[in-house]
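*Asks:* Test case, fold it:
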Amino acid sequence: MQSRTHIIAFLLALLVAAALTPLVRRLAEHFKLYDEPDVERKVHQTPIPRLGGIAMAIAFLTPLVGLLIHDNDISRLLTSDPDQLLALFGGGIAILLVGIVDDVWGVRARNKLVVQIVIAFGMVMSGVVIERFSLPFFGIVELGPWVATGVTVFWFVAIINAVNLIDGLDGLAGGVALFAVVTMYVVASLDPVSNLLTTLLAAALAGSIIGFLFYNFNPATIFMGDCGSMFLGFVIASAAVQTQAKSSTAVALTVCVLALGLPVLDTAMSIVRRIRKGRPVFDADREHIHHRLLALGFTQRQAMVILYGVCGLLAVFALAVKMEAGHGAMQLAILVGLGVVLFGLGRLFQLRERLHQRRIEHLLADSIALPHDARLQIRELSRKIRMEADTRLAWDEVRKAADVLRVRDVRLRLHLRPRQGEKIALEYSLHRDDAHFSQLPHEEMELPLMGRVLVYGDLQIAFRTVGGAEDEERRVLLHLLAEALADHIEEHLVSGREDRFVVRRIPVSDESAESGAGG
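*Replies:* Here you go, the predicted structure:
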């Protein structure tokens, strides 16, 4: 009876998530609720609709609401503790709404943390409390009421943010949560009568995650957003506490921590890293484990497979700890074995990073360094730019100069005022693909094309930096290039026709210079 209910809950949640996610995606697209790319933390290159967590939450709650409506033995067991059931529904909806507000309008990290703490206190007041936990050799450790409250609040906040922070690749947060949920389902199934609520939560949540992953796996067409990742973290944290309260061996929290070992470790390392660098803990960066895998040259899918493999390994160790409940020596041996495996994987990862960095440094050494005769080449190209009557041919010389200066992006914009019937190029641009550019130090410059009195446009440049005198040399040569372009414009494009340009006068105090300004 129970196994059939679990299957129905799983399939119903899966179907609802698969059907609702495209509708939520269309809604997000209609209201232009996109997750915009940025260089600080995100890896996607185009805006992607968000708020997919709404579909997951509705899919998860659907089979549970159905059981509340349908009167049978399982529904009566489910409602045997109405306070905790109400706390689950109320807390889940509350954390979902906080995430929606954050996804739509944005909420400061500190404010989100405060709300998470309030919701966690609400769970404690409803009786969802960690009253004990298990340690190898020490057995079950009972907690006093005040300590239990603090530990429970910390537990909810930690798990919610761990799942939230790992949400950096297509399908990553959903996949990591799925491994944890399946592990918890297996653990709870060992005592199905006591853990009826946990098994139902795990089955429904697994179905909602899989239904959403159809659209979220790389290349994703929708993101779950903060509303989805925080909702997943909340339900997983709640299910673990429920199992802990009913388990005679009190290892459910240990199993959950191991199953969620990837986001937990990544979050802990992020906090330590930012504190050591003197940065705010809530600052975003590109040093999470998935960012570092991408920096090593792995594709998103390859990085996903690697991280899924780590999650699978952690799930196996978590189940092994559960199977050896009551045998402190074996549990300790399993945990030591896990530590050795993770240490070995970490060392291999660090070695791979060092070798990759050395290879990249060697590959980029020639492409970054300026030629020994760079100054002579830029002077000659500047002379040709001044002499060219056609701006298109002058731009060709700029492209050659970009090669000499090892510049990645160049953009020439002229503030022209086209006449009717004229075809005037307003902008020229050059971009070189460089997979490692975003991970390396770089500098962006915007040089105004300043004539005697008017500004005729600007030259925007981005280049990798190597530090020291070479970067200063590059900046000087780029200024020479901008001066040559300004001279070209005044000599060949203006010629008494300053009305072709949008008037942007240079503020000067010299009256003679101002009196010679064009119209």
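*Asks:* Shouldn't residue 133 be within a strand?
*Replies:* Yes: judged by DSSP: H, G, I helix; E, B strand; the rest coil, residue 133 forms part of a strand.
*Asks:* I'd assumed residue 256 was in contact with it.
*Replies:* No: Residue 133 is beyond contact range of residue 256, at 11.0 Å (criterion: Cβ atoms under 8 Å). All C-beta atoms are positioned from the backbone trio N, CA, C, and that covers glycine.
*Asks:* quick one, which of the two is more surrounded?
*Replies:* Between residue 133 and residue 256, counted using other Cβ atoms under 10 Å, residue 256 has the larger neighbour count: 26 against 19.
*Asks:* Please list all residues in contact with that one.
*Replies:* If a contact means Cβ atoms under 8 Å, 6 or more residues apart in numbering, then residue 256 has 159, 180, 183, 184, 236, 237, 240, 318 as its contacts.
*Asks:* May I have the phi/psi pair for the residue nearest to the spatial centre of the chain?
*Replies:* When Cα atoms, centre = their mean is applied to the chain, the residue found nearest the centroid is residue 168 (3.1 Å). Note on residue 168: its backbone torsions stand at phi -120, psi -10 [degrees, to the nearest 10].
*Asks:* State the number of residues packed around the closest residue in space to it that isn't next to it in sequence.
*Replies:* Using Cβ to Cβ, 6 or more residues apart in numbering and skipping the chain neighbours, the partner closest in space to residue 168 is residue 290 (4.9 Å). Using other Cβ under 10 Å, residue 290 is surrounded by 22 other residues.
*Asks:* Model confidence for residue 290, exactly?
*Replies:* With respect to pLDDT, residue 290 has a value of 86.
*Asks:* ditto for residue 106
*Replies:* pLDDT, residue 106: 90.
*Asks:* same thing with residue 118?
*Replies:* So, for residue 118, pLDDT stands at 96.
*Asks:* mind checking how far it is from residue 355?
*Replies:* Distance, residue 118 to residue 355, by Cβ to Cβ, to the nearest Å: 47 Å.
*Asks:* And residue 321, by the same measure?
*Replies:* 34 Å.
*Asks:* and the helix or strand residue 487 falls within, what other elements does it pack with?
*Replies:* Per DSSP states H and E, residue 487 falls inside helix 469-488. Packing partners of helix 469-488 (3 or more Cβ pairs under 8 Å, 6 or more residues apart in numbering; DSSP states H and E): helix 374-387, helix 391-404, strand 442-450, strand 455-464.
*Asks:* if we can go back for a sec, can you put the contacts of residue 256 in CSV and add pLDDT, secondary structure and neighbour count?
*Replies:* As requested, these are exported to CSV (pLDDT from 0 to 100; DSSP: H, G, I helix; E, B strand; the rest coil; neighbours: other Cβ atoms under 10 Å):
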residue, pLDDT, secondary structure, neighbour count
159, 95, helix, 28
180, 94, helix, 33
183, 93, helix, 25
184, 90, helix, 30
236, 94, helix, 24
237, 94, helix, 27
240, 88, helix, 28
318, 88, helix, 27
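*Asks:* Could you identify the most distant pair in those?
*Replies:* 237 and 318 (15.5 Å; Cβ to Cβ).
*Asks:* so where is the stretch 101-250 of the chain shaky, pLDDT-wise?
*Replies:* For the stretch 101-250 of the chain, the stretches with pLDDT under 70 are 134-139, 192-194, 245-250.
*Asks:* try it again with 90
*Replies:* 108-109, 126-128, 130-145, 165-170, 187-200, 217-219, 239-250 (pLDDT under 90).
*Asks:* and the gap between residue 126 and residue 197?
*Replies:* Applying Cβ to Cβ to residue 126 and residue 197 gives a distance of 13 Å.
*Asks:* no no, residue 19
*Replies:* Counting by Cβ to Cβ, the gap from residue 19 to residue 197 is 26 Å.
*Asks:* Which of these two has more residues huddled nearby?
*Replies:* Neighbour count, other Cβ under 10 Å: between residue 19 and residue 197, residue 197 has more, with 23 against 12.
*Asks:* Could you report the neighbour count for residue 296?
*Replies:* By the criterion of other Cβ under 10 Å, residue 296 has 18 neighbours.
*Asks:* can you give me phi and psi for it?
*Replies:* Phi and psi for residue 296, reported as degrees, to the nearest 10, are phi -80, psi 0.
*Asks:* Spit out the contact partners of it.
*Replies:* Listed by Cβ under 8 Å, 6+ apart, the contact set of residue 296 reads 352, 353, 356.
*Asks:* which is the next helix or strand following the helix or strand harbouring residue 177?
*Replies:* Using DSSP H and E, residue 177 maps to helix 172-189. For helix 172-189, the following helix or strand on the C-terminal side (DSSP H and E) is helix 196-216.
*Asks:* Quick one: list the elements packing against the biggest helix by length in the chain.
*Replies:* For the chain, the helix that runs over the most residues, judged by DSSP state H, is helix 328-368. Helix 328-368 sits against helix 289-295, helix 300-323, with contacts defined as 3+ Cβ pairs under 8 Å, 6+ apart.
*Asks:* hmm, who's touching the first one?
*Replies:* Which is helix 289-295. Contacts of helix 289-295 (Cβ under 8 Å, 6+ apart): 41, 43, 166, 168-169, 172, 262, 266, 285-286, 300, 302-303, 306-307, 349, 353, 356, 436, 439.
*Asks:* Generate a PyMOL selection restricted to the buried subset of these.
*Replies:* In PyMOL, a selection of the buried entries from these looks like this (16 or more other Cβ atoms under 10 Å):
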select buried, resi 43+166+168+169+172+262+266+286+300+303+306+307+439
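*Asks:* Just tell me which of the helices and strands packed on helix 328-368 ends up closest to residue 476.
*Replies:* Proximity to residue 476 (Cβ to Cβ) singles out helix 289-295 among the helices and strands packed on helix 328-368, at 31.6 Å.
*Asks:* And that closest one, how far out from the chain middle?
*Replies:* 11 Å (Cα atoms, centre = their mean, to the nearest Å).
*Asks:* Could you do stretch 96-111 as well?
*Replies:* The chain centre lies 16 Å from the centre of stretch 96-111; the measure is Cα atoms, centre = their mean.
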